[in-house]
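In: Build the 3D model from these lines:
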Amino acid sequence: MELQKGKERFIQSWGAFGSSWGINRTMAQVHALLLVSQESLTAEEIMEELQISRGNANMNVRTLIDWGLVYKDLKPGERKEYFVAEKEMSQVVKKIITERKKKELEPMIKILDEISSVEGVCKESEEFCKVVSDIKLFASKADTMLDKLVKADSNWLIGTFLKMVK
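Out: Sure thing, here's the model as predicted:
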């Protein structure tokens, strides 16, 4: 397979995987393009390569910057903004975990805290509280585990992940 075809396939596949990770397809494609680009790219270059609008390119680049997956690359004498992706995969994984945890797990734990003590003393309220308590326990353990993963040494993180995948 030639390089250009490989890049296109990677960008399309990363985009499809992105929706499984909780981000939109175009955001994942922008990320993929910047990951495989040797040089930093402008918004115009991203637009042209992915055939997307300026607004779509800018919105997704800004979100990737907020996630810490993309950085501005300031070039002396240039007025245009250039963007480059974080290419250290352990950092990418940590940043994705952090954002997903913040957007999904932490709000769920907050809601479970709020509803964990419903009023009423009956079989139905006891069962409800038991189910909520079990979910809350699991979510809290997941939260703790993810915190440890994010704080862990990069070599340990990658090694552990590869062992789990095998």
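In: the strands in the chain, which residues?
Out: Along the chain, counting by DSSP state E, strands occupy 41-42, 70-73, 82-85.
In: Please identify the most buried of the ones you listed.
Out: When you average the neighbours per residue for each of those (mean count of other C-beta atoms under 10 Å), strand 41-42 leads with a mean of 20. All C-beta atoms are positioned from the backbone trio N, CA, C, and that covers glycine.
In: Quick one, which of the strands of the chain gets closest to Pro107.
Out: Minimum separation from Pro107 across the strands of the chain (C-beta to C-beta) falls at strand 70-73, 24.6 Å.
In: The closest one pairs with which strands, and in what direction?
Out: strand 82-85 (antiparallel) (DSSP bridges).
In: Return the residues in contact with the closest residue to Leu112 other than its chain neighbours.
Out: Nearest residue to Leu112, sequence neighbours excluded (C-beta to C-beta, 6 or more residues apart in numbering): Lys136, at 4.2 Å. With contacts defined as C-beta atoms under 8 Å, 6 or more residues apart in numbering, the neighbours of Lys136 are 109, 112-113, 116.
In: ok, the spatially most central residue of the chain to Gly6 distance?
Out: Nearest to the geometric centre of the chain sits Ile96, at 3.1 Å (C-alpha atoms, centre = their mean). Taking C-beta to C-beta, to the nearest Å as the criterion, Ile96 is separated from Gly6 by 23 Å.
In: just Ile97 next, same as before
Out: 27 Å.
In: Out of the contacts of Lys136, which end up buried?
Out: By neighbour count, with 16 or more other C-beta atoms under 10 Å, the contacts of Lys136 hold 109, 112 as buried.
In: Ser117 reaches Ser125, doesn't it?
Out: No. Using C-beta atoms under 8 Å, Ser117 makes no contact with Ser125, being 9.8 Å away.
In: Looking at the two, which is more packed in?
Out: Neighbour comparison, Ser117 and Ser125: the larger count goes to Ser125, with 13 against 10 (by other C-beta atoms under 10 Å).
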